[in-house]
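1. Please work out how this folds:
(chains A and B)
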Amino acid sequence: MSDLTNINFDTMTVAEFETYLPDLFATGGGKVSEDPRFAKFLAANPDCAALVSDLETIAEYAQSMFEEPVHEPSDTVWSNIATKLKEGIGGEEDGLNGTENLATE
Amino acid sequence: MGTQGVITMQQKPNSGLFKRNPPIAGEADAIERAKNGDPDAFSKLYALHKRRVYTLCLRMLGNVSEAEDMTQEAFLHLFRKLGSFRGESAFSTWLHRLTVNLVLMHLRKKGLQLVSLEETINPSEEDAPKRDFGSRDPQLAGSVDRVTLERAVASLPPGYRMVFVLHDVEGFEHNEIATMLECSTGNSKSQLHKARLKLRELLRQPEKLTPLEGLKEVAL
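-> Below is the predicted model:
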């Protein structure tokens, strides 16, 4: 990934901006549009500003997908689970070898 | 910054909710009772978490049948491992991590090599996002809603979808994703960025998105 330490963000090209963007998002807390280092560049490049705005909107809205799960499993899923638990299968590894460390805190 | 992007969601989420898993009423009691073998308590835990676990599986797998199978496996695994939950993290965080690891193990068993994300599940040129920024299109403003975003995510190539769901939806950090997918953090960042670019493309042409067939959606 890019080394952002010695970059002049005011004079970078659009191509350079495109290259740096994944790291800018990753290191800037996801809010490139609010970072004063990029204000001049984004003001001079409205398409880049629009891109940043859209990507931030997508990332922001994705968060609500976690809060509001929209899908529900069919009733069969619980029926199968309940059956297996009654049969005592739920207490065995039933083919899930190597899963001992899946549930770590 | 005065320039507005072309995509304006109809209802902005409350970003302050992200990554927080507030205790659910009755959850702690149900956990303790389920640890002691109370079947009704385990049933309650299933009822409380089935939607999130299933939705996570579905978003990662993109397939209803596999998502239901993995939901079943996740809760059976939960039943086995519940005794090891010490409450050091939120229960839902713990359950989601367990589920993610089960799904990844399932994918590896299917032969999907996640070791080298870039080489093995990088999409074809056709599926990759376009390299141009595109122009601002005011016609799209306000046209994207939750269902459309859900469809767009489902339309992503598997590698992009996996990283997007793990990072932007589930809130895992790049270093955690890198560990889970056995790739570099740089790779995770790159895949996430490409995923968002691809989503932007898809959301600009929502009419081309296919409906989510066979899904039972919760009335919100």
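2. Going by C-alpha atoms from here, please, whenever you check contacts or count neighbours.
-> Will do.
3. On the pLDDT front, check the residue most central in space within chain B for me.
-> Residue closest to the average C-alpha location in chain B (Cα atoms, centre = their mean): residue B:165, at 3.3 Å. Residue B:165 is assigned 93 on the pLDDT scale.
4. Would you list the phi and psi of it?
-> Backbone geometry at residue B:165, expressed as degrees, to the nearest 10, gives phi -60, psi -40.
5. Sketch out the low-pLDDT regions of chain B for me.
-> For chain B, the stretches flagged by pLDDT under 70 are B:1-22, B:112-144, B:211-220.
6. sorry, back to before: do you know how far the residue nearest to the centre of chain B is from chain A?
-> To chain A, residue B:165 is 8 Å away according to Cα to the nearest Cα, to the nearest Å.
7. shouldn't that residue be in contact with residue B:61?
-> No: in this structure, residue B:165 is not within contact of residue B:61 by Cα atoms under 8 Å, at 10.5 Å.
8. now what about stretch B:51-67, what contacts it?
-> A:66, A:69-73, B:68, B:70-71, B:74, B:95-96, B:99-100, B:103, B:153-154, B:158, B:161-162, B:165, B:214-215 (Cα atoms under 8 Å, 6 or more residues apart in numbering or on different chains).
9. now could you export just the CA positions of stretch B:90-107 as CSV?
-> Extracted in CSV, the C-alpha atoms of stretch B:90-107 (Å, rounded to 0.1, in the frame of the first residue of the first chain):
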residue,chain,number,x,y,z
ALA,B,90,-20.3,-8.9,23.8
PHE,B,91,-22.1,-12.2,23.3
SER,B,92,-23.2,-11.1,19.7
THR,B,93,-19.6,-10.2,18.9
TRP,B,94,-18.4,-13.6,20.1
LEU,B,95,-21.2,-15.4,18.2
HIS,B,96,-20.5,-13.4,15.0
ARG,B,97,-16.8,-14.3,15.1
LEU,B,98,-17.7,-17.9,15.6
THR,B,99,-20.0,-17.7,12.6
VAL,B,100,-17.5,-16.0,10.4
ASN,B,101,-14.9,-18.6,11.2
LEU,B,102,-17.4,-21.4,10.5
VAL,B,103,-18.3,-19.9,7.1
LEU,B,104,-14.7,-19.4,6.2
MET,B,105,-13.9,-23.0,7.1
HIS,B,106,-16.9,-24.1,5.0
LEU,B,107,-15.6,-22.1,2.0
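10. So which bits of that stretch are buried?
-> Residues B:90-106 are the ones in stretch B:90-107 that count as buried (16 or more other Cα atoms under 10 Å in any protein chain shown).
11. Whether that stretch contacts chain A - can you check?
-> Yes: applying Cα under 8 Å from any Cα of the partner chain, one finds stretch B:90-107 touching chain A at B:94-95, B:97-98, B:101-102.
12. Could you export stretch B:148-159 as CSV, keeping only the C-alpha atoms?
-> Provided in CSV are the C-alpha atoms of stretch B:148-159 (Å, rounded to 0.1, in the frame of the first residue of the first chain):
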residue,chain,number,x,y,z
THR,B,148,-31.1,-1.6,-3.3
LEU,B,149,-27.9,-1.6,-1.3
GLU,B,150,-28.6,-5.1,-0.2
ARG,B,151,-29.1,-6.2,-3.8
ALA,B,152,-25.9,-4.4,-4.8
VAL,B,153,-23.9,-6.1,-2.1
ALA,B,154,-25.3,-9.5,-3.2
SER,B,155,-24.2,-8.7,-6.7
LEU,B,156,-20.5,-8.1,-5.7
PRO,B,157,-17.9,-10.7,-6.7
PRO,B,158,-17.3,-13.1,-3.8
GLY,B,159,-13.9,-11.7,-2.8
